[in-house]
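> with the sequence up front, the predicted model follows.
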Amino acid sequence: MFLIMGAGRPPGERGIKADFAYKVMSYVASFSGGKDSCLACYKAMFGGCKISHLVNFISKEHKRVTFHGTEAKLIQLQAQAIGIPLLQKETTKDGYEGEFKEAVRSLIPDGIEGMVFGDIYLQENKDWVERVCCQLGIEAVEPLWGKNPLHILSEFIDAGFKAVIVSAQSPDSPFRRKDKTAEQYVGQEWVGRYVDADFVRYLEYRNIDICGENGEYHTLVVDGPIFKKRIKIIESRTISRNGHCFLDTRKYSL
């Protein structure tokens, strides 16, 4: 299933200095709704990329972003708040790569030159997107790649983005890394709270991956310099599933 909605607009006046530059061409952005994809999109825009679409993938079974647990309608609301068209595609575990390619390929006739991703240091992720983009004949753009994670999170907060922690991996998760102790996981009491200076200090104190690159936590961005409206979460609850704590958002609005 495909869903396309929205209308594009460049970012607002609040900004960060781009440390790279691209020719002004049309790009799409891989968009999970979380902090890294938002910041990568933002930095790419300031580097000269015209973002024509946000591209989001959700589980066909659960209608939610995998691992984040964010429901499809909230991603649609984000795109509406930002003002960039959304292409939303349902995917399956076994068919993900083919479904990913199908979605992106559908936009190539519109003239896109590349796709923006929010990877930071996981080489296997970068290798995958570069291989897939090469096969599609487009450029893979990685504005956050190789940057210091603490600098990335600080830059995100300082730019004026607001993000809610929507999931945290627990020590009994089947995806738990064997080299991590129970202390190196985000406590469920943080689910539903904002990413702020207190959270950064908590991550540093417990030696938790600052940006949660290995899935320690995930976020939902509700406001920021590329948003024309903010998202307000009115009612929510924390639920547990498959070794993760998720924020189940029951009511929300722009």
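Right, received. Where do you want to start?
> which residues touch Val132?
When contacts are counted by Cβ atoms under 8 Å, 6 or more residues apart in numbering, Val132 touches Glu97, Phe100, Lys101. Just so you know, the C-beta spots here come from the backbone N, C-alpha and C atoms, and that holds for glycine as well.
> what pLDDT does the model give the first one?
To tie it back to what came earlier, the one meant is Glu97. With respect to pLDDT, Glu97 scores 95.
> do the second one as well
pLDDT, Phe100: 95.
> could you report the neighbour count for it?
19 (other Cβ atoms under 10 Å).
> contacting residues for it?
Residues counted as contacts of Phe100 (Cβ under 8 Å, 6+ apart) are Phe57, Lys89, Thr91, Val132.
> about what we covered before: from the contacts of Val132, which land in helices?
Glu97, Phe100, Lys101 (DSSP state H).
> and the second one, how far from Thr249?
From Phe100 over to Thr249 the distance is 26 Å, taken as Cβ to Cβ, to the nearest Å.
> please enumerate the helices of the stretch 101-250 of the chain.
Ranges of helices in the stretch 101-250 of the chain, per DSSP state H, counting those that start in this stretch, are 123-136, 149-158, 197-205.
> same for the second one, what does it pack against?
If I follow you right, that is helix 149-158. On a contact count with 3 or more Cβ pairs under 8 Å, 6 or more residues apart in numbering; DSSP states H and E, helix 149-158 meets helix 35-46, helix 197-205.
> the same query, at a cut-off of 7 Å, please.
If you count contacts as 3 or more Cβ pairs under 7 Å, 6 or more residues apart in numbering; DSSP states H and E, helix 149-158 packs onto helix 35-46.
> equivalent analysis for the last one, please.
Taking 3+ Cβ pairs under 7 Å, 6+ apart as contact, there are no helices or strands that helix 197-205 lies on.
> that older thread, out of the helices of the stretch 101-250 of the chain, which is the most enclosed?
With neighbours defined as mean count of other Cβ atoms under 10 Å, the helices of the stretch 101-250 of the chain peak in mean count at helix 149-158, which reaches a mean of 17.
> follow-up on the earlier one: and Val28, which of the helices of the stretch 101-250 of the chain is closest to it?
helix 123-136 (10.7 Å; Cβ to Cβ).
> got the contacts of Phe100 as CSV, with pLDDT and distance to Leu220 columns?
Below are the contacts of Phe100 laid out as CSV (pLDDT from 0 to 100; distance: Cβ to Cβ, whole Å):
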residue, pLDDT, distance to Leu220
Phe57, 92, 16
Lys89, 92, 19
Thr91, 88, 19
Val132, 97, 25
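> in helices, which of those fall?
Val132.
> tell me how far Ala182 lies from Pro171.
Counting by Cβ to Cβ, the separation of Ala182 from Pro171 is 4 Å.
> out of the helices of the stretch 101-250 of the chain, flag the one nearest Leu254.
Short answer: helix 149-158, nearest of the helices of the stretch 101-250 of the chain by Cβ to Cβ, at 21.3 Å.
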